[in-house]
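Q: Predicted model and sequence follow; I will ask about them next.
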Amino acid sequence: MDSPKHRCKWACGNMLLRDYHDAEWGKPIKDARTLWETLVLESFQAGLSWNTVLQKRENFRKAFAGFDPEKVAQFTEHDVQRLMQDAGIIRSRLKIEATVKNAHAYLQMQAKGEDFADFAWAVAQQNPVTAEHPHALAQTSASQVLTKELKKRGFRFVGPVIVYAWMQAAGMVNGHEPDCFRYHACD
C-alpha cells in the first residue's frame, strides 16, 4: 500500500485545492498569456481564499474573453458594469478595472518588443528569494522589485503580497513546504 502524500497545508482543504496544488501550483509558467491570466486571478484572490477563485476560474475565463489581453483591453465602462452584475466572478470594480488596465499594460509591453513572461522571469531570476522557508513569507524583496517593475509598466492592483503569491503559483519561487511531495519537483 502506498503511503499518503504529504502536501502543503493549504492544499488539504478540499479536492479542488488538492488537484490544483498537485497539477498546477508551482509548475513554471513560461507562456506570457497564461502567466498574465495567473496574475489576474491572483489579484482577484486578494482578501479572499484561493478556493473561491478556483471555484470561479472557468467563469472568469468566460467573463474575461478567455483572458485574451487584446479583447480585455477593449472592454468599456459598459463591460465593467456587465461584469459587476456577473455572480459567477468576484465583483470588485477596482479589480475589474485593474484587469482592463493590466491588459493595456501587457499589450504596451508587447508593442515595445518586451515579452511579459521573459520580463517577469528575468526580474525573478535577478532577485532570487534566499529565505530558508519561502513558503512562510507573505512578500520578499524579489516581489517588491517585481511589483515596482510591473507598476512602471502601468500595471495596477499588483502589490508585493499579490506578486509573491503569483511568483509561487507560476513557479518563479518554490513555495512548497519542504515536506510536500511537490517540493523537489518544483525546486
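A: Good, I have the coordinates. Numbering: from 1, shown residues only.

Q: make it CA atoms for all contacts and neighbour counts henceforth
A: OK.

Q: report the longest helix in the protein, please.
A: Secondary structure of the chain read by DSSP state H shows that its longest helix is helix 93-111.

Q: what kind of secondary structure is T147 in?
A: Remark: T147 carries the secondary structure label helix [criterion: DSSP: H, G, I helix; E, B strand; the rest coil].

Q: returning to what we had before: pull out the buried residues from the longest helix of the chain.
A: Neighbour-count burial for helix 93-111, counted by 16 or more other CA atoms under 10 Å, picks out 95-107, 109.

Q: how about low-confidence regions in the chain?
A: 1-4, 130-137 (pLDDT under 70).

Q: which residues touch D79?
A: By CA atoms under 8 Å, 6 or more residues apart in numbering, D79 lies in contact with nothing.

Q: Which helix or strand contains it?
A: Secondary-structure assignment from DSSP states H and E places D79 in helix 77-84.

Q: Tell me how far that helix lies from the chain's centre.
A: The gap between where helix 77-84 is centred and where its chain is centred comes out at 22 Å by CA atoms, centre = their mean, to the nearest Å.

Q: Surely A32 and E114 touch.
A: No. A32 is beyond contact range of E114, at 10.4 Å (criterion: CA atoms under 8 Å).

Q: Which of those two has more residues huddled nearby?
A: A side-by-side neighbour count of A32 and E114, using other CA atoms under 10 Å, places A32 first with 17 against 13.

Q: OK, contacts around the spatially closest residue to the more buried one that is not a sequence neighbour?
A: Residue nearest to A32 in three dimensions, not counting chain neighbours: A117, with 4.4 Å by CA to CA, 6 or more residues apart in numbering. The contact partners of A117, by CA under 8 Å, 6+ apart, come to 30-32, 35.

Q: Quickly name whichever of those residues is closest to G159.
A: Taking CA to CA as the measure, L35 is the one of the contacts of A117 closest to G159, at 16.4 Å.

Q: measure the nearest residue to the closest one once chain neighbours are set aside to A117 for me?
A: The shortest distance from L35 to any residue that is not its chain neighbour, by CA to CA, 6+ apart, is 6.0 Å, and that residue is I29. The span separating I29 from A117 equals 8 Å under the rule CA to CA, to the nearest Å.

Q: surely D68 meets A32?
A: No. With contact defined as CA under 8 Å, D68 does not reach A32; the gap is 10.9 Å.

Q: what's the overlap in contacts for those two?
A: Shared contacts of D68 and A32 (CA under 8 Å, 6+ apart): none.

Q: picking that back up, now the residue nearest to L35, what's its secondary structure?
A: Local secondary structure at I29 is given as coil here, using three-state DSSP.

Q: Look at it and say how many residues are nearby.
A: Residues within reach of I29, counting by other CA under 10 Å, total 20.
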